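Engineer: return atomic coordinates for the entry below.
(one chain, ligands or ions: 2)
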Amino acid sequence: MNVIHSTPLTEAVRVRGLTKSFGGARVLAGIDLTVPTGSLLALLGPNGSGKTTTVRILTTLLAPDGGSAIVGGHDVTREGVAVRRVIGLTAQQATVDGLLTGRENLELFAGLYHLGGRQARRRAAELLERFDLTAAANRLVSTYSGGMRRRLDLAASMISNPRILFLDEPTTGLDPRSRAELWSVIRELLASGTTILLTTQYLDEADHLADRVVVINGGRVVADDSPAALKRQVGSERLVMRLSLADDVPRAGAALADAHLDPDAREVTVAVQGPRHLRKTLDLLDHAGIGVEHVALRAPTLDDVFFELTAAAA
Ligand SMILES: Nc1ncnc2c1ncn2[C@@H]1O[C@H](COP(=O)(O)OP(=O)(O)O)[C@@H](O)[C@H]1O
Ligand SMILES: [Mg+2]
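Structural biologist: Ligands and ions are numbered 1, 2, ... in the order given. Below you'll find the model as predicted:
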């Protein structure tokens, strides 16, 4: 018997000092991240922060300028073929063909992985069942909802039963219900042992799915933590107050600690630390003679994360 790996591979993905520029523009300025085998890492960042660029490098579609990236124990630049053998990718742009049925799409992909006719049909049927698409299997994909399309994309990337799966913004543009359905599919994949690196612009998505969250901005990692720790740092709900007068915005900012000011929208936002703090905040403005036209509570967003992270650094 040949024992190839005497030790278990505990790191599915290991990235150190990864850099990439396009033309003169530096997109990745030295990214470090590690995805333990069997876990889900969320790569969180705003539009244009380099999430797709990172995924393309890790899936061997793009060469890095510098640094190292090991995926499934193999170097992405020197051992691309070995890397491709153990990964799956659901790209940001859909890869399935709208003019084919769901079943035809999966059989086509199975063919690309060199599965023979019968095997391809069996694998396609299995995946349709697993991703809850059996009832729609013989319909053209152009008639699918956004959520169904994403599930089919995901099914296509699971044809070869990859150990490591990359999902690039899998739920962007989906309605809340389709997002929730996709989340449960992703959780099942994780439970079955697949290691997942997922990119997202949504803080709540990272919170729901991830074991660990890496936040990137301006080509750098600005946070690498558990969702719980990140949430503690970011705080709970936001109280958004629209003032009657734009001129009052700076005064409100002076009266309240750590307020986020948006003079154009006449809005002042603070993280709420419970009902008493909420009442105190409104009382403070009232006593200062600052009129509040409208109040709302909302969940923290990615913008709030960056506000907190940069406030903490300052
Ligand atoms: N092939 C390319 N050529 C030139 N610029 C690119 C290319 N790919 C990405 N970029 C630029 O790199 C930056 C990061 O892009 P991307 O990785 O797609 O970000 P994200 O996926 O986080 O939205 C953007 O400013 C984008 O315009
Ligand atoms: Mg992207």
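
Engineer: nearest to ligand 1: which residue in the stretch 201-314 of the chain?
Structural biologist: residue 216 (7.6 Å; C-beta to the nearest ligand atom). From N, CA and C alone the C-beta is placed, and that goes for glycine too.

Engineer: any idea how far the helix or strand that residue falls within is from the chain center?
Structural biologist: Element membership for residue 216, per DSSP states H and E: strand 212-217. On the basis of C-alpha atoms, centre = their mean, to the nearest Å, strand 212-217 is displaced by 9 Å from the centre of the chain it belongs to.

Engineer: if we can go back for a sec, quick one, what contacts the residue of the stretch 201-314 of the chain closest to ligand 1?
Structural biologist: 31, 43, 44, 45, 49, 50, 51, 54, 222 (C-beta atoms under 8 Å, 6 or more residues apart in numbering).

Engineer: count of neighbours near the residue lying closest to it once chain neighbours are set aside?
Structural biologist: Leaving aside its sequence neighbours, residue 216 sits nearest to residue 45 (C-beta to C-beta, 6 or more residues apart in numbering; 4.2 Å). Residues within reach of residue 45, counting by other C-beta atoms under 10 Å, total 24.

Engineer: now swap in residue 99 and tell me
Structural biologist: For residue 99, the count of nearby residues is 9 (other C-beta under 10 Å).

Engineer: that older thread, next structured bit after the strand holding residue 216?
Structural biologist: strand 220-225.

Engineer: could you pull out the buried residues of that following strand?
Structural biologist: By 16 or more other C-beta atoms under 10 Å, the buried positions in strand 220-225 come out as 221, 222, 223, 224.

Engineer: and the last one, what's its pLDDT?
Structural biologist: Looking at residue 224, its pLDDT is 95.

Engineer: use 502 as the first number for this chain going forward.
Structural biologist: Sounds good: first residue 502 from here, last item residue 725.

Engineer: how much space between the closest residue to it other than its chain neighbours and ligand 2?
Structural biologist: Nearest non-adjacent residue to residue 725, counting by C-beta to C-beta, 6+ apart: residue 715, 4.9 Å away. Going from residue 715 to ligand 2 by C-beta to the ion, to the nearest Å gives 15 Å.

Engineer: which parts of this protein sit against ligand 1?
Structural biologist: Within the chain, the positions lying close to ligand 1 (C-beta under 6 Å from any ligand atom) are 523, 528, 546, 548, 549, 550, 551, 552, 553, 554.

Engineer: just the buried ones from the residues you listed?
Structural biologist: Neighbour-count burial (16+ other C-beta under 10 Å) applied to these gives 528, 546, 550, 551, 552, 553, 554.

Engineer: which ones among the residues you listed lie within strands?
Structural biologist: The members of those that map onto strands under DSSP state E are residue 528.

Engineer: list the contacts of the residue of the chain at minimum distance from ligand 2.
Structural biologist: For the chain, the residue closest to ligand 2 is residue 553, as judged by C-beta to the ion, at 3.2 Å. Each residue near residue 553 by C-beta under 8 Å, 6+ apart is listed here: 593, 669, 670, 700.

Engineer: and those residues as a markdown table, adding secondary structure, pLDDT and distance to ligand 2?
Structural biologist: Output for these, formatted as a markdown table (DSSP: H, G, I helix; E, B strand; the rest coil; pLDDT from 0 to 100; distance: C-beta to the ion, whole Å):
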| residue | secondary structure | pLDDT | distance to ligand 2 |
| --- | --- | --- | --- |
| 593 | coil | 85 | 5 |
| 669 | strand | 96 | 6 |
| 670 | coil | 95 | 6 |
| 700 | strand | 97 | 6 |
